[in-house]
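Predicted model, plus sequence, below.
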Amino acid sequence: MLPPRLSPSMMCADLFRMGETIHVFEANNIPYLHIDVMDGLFVPNLMLGTGTVRQIRGGSSIPLDIHLMIEEPGEKLEWFDPGPGEYISVHVESTRHLQRVLAKIRSLGAKPMAALNPASPLSMLEDVLSDIDAVLVMTVNPGYAGQRLVPQTLDKIKRLRAMLDDKGFENVEIEVDGNVSIENALKMRASGANIFVAGSSLLFKNGNIEDHIKLFNEKIR
Ligand code: DX5
Ligand code: ZN
């Protein structure tokens, strides 16, 4: 099993304490920063633009994990200036030319990830497995923080892990996004997930971020 890792959801971070928060993540060897990009079309919300992405990248040594919840992401990839070591995820539902977009992410030097809404079947990934480094399984319908887990996504994670392993893609990672609390992360981990997007259910709930990281490391790692 691939080792469990955290990807804090930066849209849930306190804007007034961004620098301080990023230093806590650096000091705790957090491997990714999850950046939610929403265009008000693919999802009913607007969030984190290109300027914010640039500022967070410039102010941190942690690679970004950019989650594009936007229509036709292929035409907009360059706006985000993706670099080596960074993940860019695009939704299978957001483009008619998924393989082209994934190949373009790779050609820009970043790591391609395909994202699936809760209702989208795993079969949508079958013919792009060699084009991706990870799959993002949405465990809530994307658009907002603070939603409840869609429970049938747990079995979907299990079926995805089996599908990847069966077809020889053991190194393809599974990221989960939405209501990743410690309690749900335990179930997601048991199903085969290894990157955990930590938003208002885990790192950015009441209390101290470092304590929440420690609890994750104790319970999940
Ligand atoms: C959902 C977002 C998530 C969300 C996760 O569209 O992509 O990053 O913020 O955090 P919680 O724990 O609030 O679901
Ligand atoms: Zn996300």
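The structure has been received and is ready for your questions. Ligands and ions are numbered 1, 2, ... in the order given.

CA only for contacts and neighbour counts going forward, please
Noted.

What residues does the chain have near ligand 1?
Within the chain, the positions adjacent to ligand 1 are 9, 12, 36, 142-147, 177-180, 198-201 by CA under 6 Å from any ligand atom.

from those residues, which would you call buried?
Buried members of the residues of the chain next to ligand 1, counted by 16 or more other CA atoms under 10 Å: 9, 12, 36, 142-145, 147, 177-180, 198-201.

quick one: which of these sit in helices?
Secondary structure assignment by DSSP state H places none of these in helices.

ok, those vs residue 45, which is closest?
Ranked by distance to residue 45 (CA to CA), those are led by residue 143 at 5.8 Å.

Keep only those of the buried ones among the residues of the chain next to ligand 1 that are in strands.
Among those, the members found in strands (DSSP state E) are 36, 177, 198.

Who are the contact partners of residue 180?
Going by CA atoms under 8 Å, 6 or more residues apart in numbering, residue 180 touches 196, 197, 198, 199, 201, 202.

One more: residue 115?
Counting by CA under 8 Å, 6+ apart, residue 115 has contacts 89, 90, 91, 92, 135, 136, 137, 138.

Next, check those residues against the helices and list the overlap.
Per DSSP H, the subset of these in helices is empty.

Surely residue 164 and residue 170 touch.
Yes: with contact defined as CA atoms under 8 Å, residue 164 reaches residue 170; the gap is 6.0 Å.

Which of these two has more residues huddled nearby?
Higher neighbour count among residue 164 and residue 170: residue 164, with 18 against 14, using other CA atoms under 10 Å.

Let me see the mean pLDDT of the helix or strand hosting the more buried one.
Taking DSSP states H and E as the definition, residue 164 sits inside helix 153-166. The average pLDDT for helix 153-166 rounds to 98.

Now do it: which elements does it pack against?
Applying 3 or more CA pairs under 8 Å, 6 or more residues apart in numbering; DSSP states H and E, one finds that helix 153-166 contacts strand 134-138, helix 182-191.

Any chance of a markdown table for these, columns mean neighbour count?
Converted to a markdown table, the helices and strands packed on helix 153-166 look like this (neighbours: other CA atoms under 10 Å):
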| stretch | mean neighbour count |
| --- | --- |
| strand 134-138 | 25 |
| helix 182-191 | 19 |
